[in-house]
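Chemist: sequence first, then the predicted structure:
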Amino acid sequence: MEEELLFKLLGSIGVPAAICFYTLHGVKRTLEKQTETLKDLAVAINKLASEVDKNKSEQVHELEKVKDEVKELKFKMEALQHEGH
């Protein structure tokens with residue numbers, strides 16, 4: 001009788017415990033995959049941010065060159081206007 005009670009007790013506790021451990025193992029594997037994915041995403045975001053900063057710097061430089069050229073053209077236009085008078 002005692003053995004029967006022990007087997008029932010182990011059966012009623014063992015199966016849910018096994019399901020719980022199996023579920024926890026699956027969750028752990030999923031979290032590990034998500035962690036790796038997030039690390040890869042962080043690397044990609046940092047690379048993209050660096051490229052954006054580099055492009056921004058290049059654009060600022062190009063804009064300064066265009067401004068200088070416009071000033072030079074404006075100066076030349078004014079000089080031509082003064083010569084024409």
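Modeler: Arrived safely, thanks for sending.
Chemist: quick check: which element contains Lys74?
Modeler: Element membership of Lys74, judged by DSSP states H and E, is helix 2-84.
Chemist: elements contacting that helix?
Modeler: For helix 2-84, there is no helix or strand it packs on, judged by 3 or more Cβ pairs under 8 Å, 6 or more residues apart in numbering; DSSP states H and E. Glycine gets a C-beta too; all of them are placed from N, C-alpha and C.
Chemist: what about it, distance to the chain center?
Modeler: 0 Å (Cα atoms, centre = their mean, to the nearest Å).
Chemist: spatially central residue in this structure, please.
Modeler: With distances taken as Cα atoms, centre = their mean, Ile45 lies nearest the centre of the chain, 3.6 Å away.
Chemist: from Leu38, how far off is that one?
Modeler: Noted for Ile45: a distance of 10 Å to Leu38, by Cβ to Cβ, to the nearest Å.
Chemist: again with Glu72
Modeler: With distances taken as Cβ to Cβ, Glu72 is found 51 Å from Leu38.
Chemist: mind showing which ranges of this structure have poor pLDDT?
Modeler: 1, 84-85 (pLDDT under 70).
Chemist: the same query, at a cut-off of 90, please.
Modeler: Residue ranges of the chain with pLDDT under 90: 1-21, 78-85.
Chemist: residues near Ile13, how many?
Modeler: Residues near Ile13, counting by other Cβ atoms under 10 Å, number 10.
Chemist: distance check, it against Phe21.
Modeler: Applying Cβ to Cβ to Ile13 and Phe21 gives a distance of 12 Å.
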